[in-house]
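In: I would like the atomic coordinates for the input below:
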Amino acid sequence: MSSQAYTSNSEGNEPFLQPPPGRRYVRSFLFSRRIDALFAQLHLIARTLLVLCMSGVQLRMINAETDLVGAGILWVVSLVLFLLSGMHARIARLYLLLTLPALISLFATWIIFNPLPGSVTLLKWPVYSGHLMLILAWWEPLWLAIVIGCFLWTRKLLIGIGLATLVAILQTSLLPLPAVTLAQLNFFHPLTILVSDRSLLVAVTKVVGYSGMVFMTIALVVTSRDAELIGALRQLHIPQPIVFFLSTVFRALDLSLSDYETIRQAQIARAINARPRSVIRRLRDMGNIAVPMVAMMIRRSSEIGDALLARGYRLERPNVNFYETSPWRLIDWIVLIVSLVFLYLTFGPLPNLTVLLLK
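Out: The predicted structure follows:
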């Protein structure tokens, strides 16, 4: 059973919706988590406040203060929460790999489109002169010939385009061929990639801050369950129609995930991946799942409605509360105090640790 103590308002005060004995993982909003995950031991309200307040401090550090040291400290805390969320190791590695390209693109975007002058200039590269020119160059027919030749030989277009582009870049860099300028038009202003110590500091701080917020958000979603959220809403005395609507939505999402797994396993059983498939073909396979998914969602909604009517459920009637609730413990009060400290740092005075260390 879960190591977290749950209570219920049903008669006899028996635990409800508890995982069966011996079960190691339990389904959450996002995939599944270990039952004994340390971050999941906190109350859902305390976890949510902690993530929101830490995100507020990180946003201030990366936007107004540009505090790399402070953002790095919060990044370490966010990574620890991510590791304590109880996510399966394979899924955690997958999310880290999926996050890496987004962080690299974010770093490149801030470096290229935010030229900030600093005390030390690391790179200065003009990439656009401020006007467009219509040029007829000799490398263009060479590029076209390589693309057509590769297509006729391999019947693949992307390989030819990549090879022709590489040859054109090398040819223009090593052996420039003559070109004829046909027309020239002034457009926009000149663009220069300027990398200084200041722009590099801002870009690294942005990447560290946003990656920390991503880790905290994933940790919060992984450790949260639909039944736990419904119990927290009831503890906050949210009106019954709102609680019923949210519980139905989360239950439908959970059923949709199960239906998707069923359809995907049926496709695998029919040898959908027996041969190597291109990316476009894989996307088409994913799109083909939409039709049975919609049909199963319509059937599920009808089944849920019939089940509610069979049990005599009405919004205006008082009903017995069967839901999971987490007791508010000492550790939750400590997390609440820490969240209030982060909230004060978000809107109040915030020391810049990077400036203090440089001084």
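
In: mind checking how far stretch 127-135 is from the chain centre?
Out: Distance of stretch 127-135 from the chain centroid (C-alpha atoms, centre = their mean, to the nearest Å) equals 38 Å.

In: now that stretch - C-alpha only, PDB.
Out: These are the backbone C-alpha positions of stretch 127-135, laid out as PDB (Å, rounded to 0.1, in the frame of the first residue of the first chain):
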ATOM      1  CA  VAL A 127      25.100  37.900 -41.500                       C
ATOM      2  CA  TYR A 128      22.900  40.400 -43.400                       C
ATOM      3  CA  SER A 129      24.000  43.500 -45.100                       C
ATOM      4  CA  GLY A 130      20.600  45.300 -45.100                       C
ATOM      5  CA  HIS A 131      19.600  44.700 -48.700                       C
ATOM      6  CA  LEU A 132      18.400  41.900 -50.900                       C
ATOM      7  CA  MET A 133      20.100  41.000 -54.100                       C
ATOM      8  CA  LEU A 134      19.000  38.900 -57.100                       C
ATOM      9  CA  ILE A 135      22.100  37.100 -58.100                       C
END
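
In: which residues are in contact with that stretch?
Out: When contacts are taken as C-beta atoms under 8 Å, 6 or more residues apart in numbering, the neighbours of stretch 127-135 outside the stretch itself are 179-193. Using the backbone N, CA and C atoms, a C-beta is placed for each residue, glycine as well.

In: and the average pLDDT for that stretch is what?
Out: Here the mean pLDDT over stretch 127-135 is 74, rounded to a whole number.

In: before we move on, the earlier item: so which of the contacts of stretch 127-135 are in strands?
Out: The subset of the contacts of stretch 127-135 located in strands under the criterion DSSP state E comprises 179-186, 191-193.

In: ok, so of these, who is nearest Arg155?
Out: Ala179 (32.0 Å; C-beta to C-beta).

In: how much space between the residue nearest to that closest one when sequence neighbours are not counted and Thr181?
Out: The spatial neighbour of Ala179 that comes closest, neighbours along the chain excluded (C-beta to C-beta, 6 or more residues apart in numbering), is Ala137 at 3.9 Å. In this view, Ala137 and Thr181 are 10 Å apart by C-beta to C-beta, to the nearest Å.

In: count the neighbours of Ser28 for me.
Out: Neighbour count of Ser28, defined by other C-beta atoms under 10 Å: 22.

In: give me the distance between it and Leu123.
Out: 45 Å.

In: how about Met297?
Out: With distances defined as C-beta to C-beta, the gap from Met297 to Leu123 amounts to 52 Å.

In: which residues in the stretch 51-200 of the chain form helices?
Out: Secondary structure of the stretch 51-200 of the chain, counting by DSSP state H, counting those that start in this stretch: helices at 68-83, 89-113, 139-154, 157-174, 197-223.

In: excluding chain neighbours, what is closest to the spatially most central residue of the chain?
Out: Nearest to the mean C-alpha position of the chain, by C-alpha atoms, centre = their mean, lies Val214 at 5.9 Å. Computed as C-beta to C-beta, 6+ apart, the closest residue to Val214 that is not its neighbour in sequence is Thr99, at 5.8 Å.

In: residue ranges with poor pLDDT in this structure?
Out: Residues of the chain meeting the criterion pLDDT under 70: 1-23, 64-65, 176-177, 273-275, 277, 279, 314-324.

In: list the buried residues of the biggest helix by length in it.
Out: When the chain is scanned for its longest helix (criterion: DSSP state H), the result is helix 240-269. By neighbour count on 16 or more other C-beta atoms under 10 Å, the buried set for helix 240-269 is 243, 247, 250, 254-255, 259, 263, 267.
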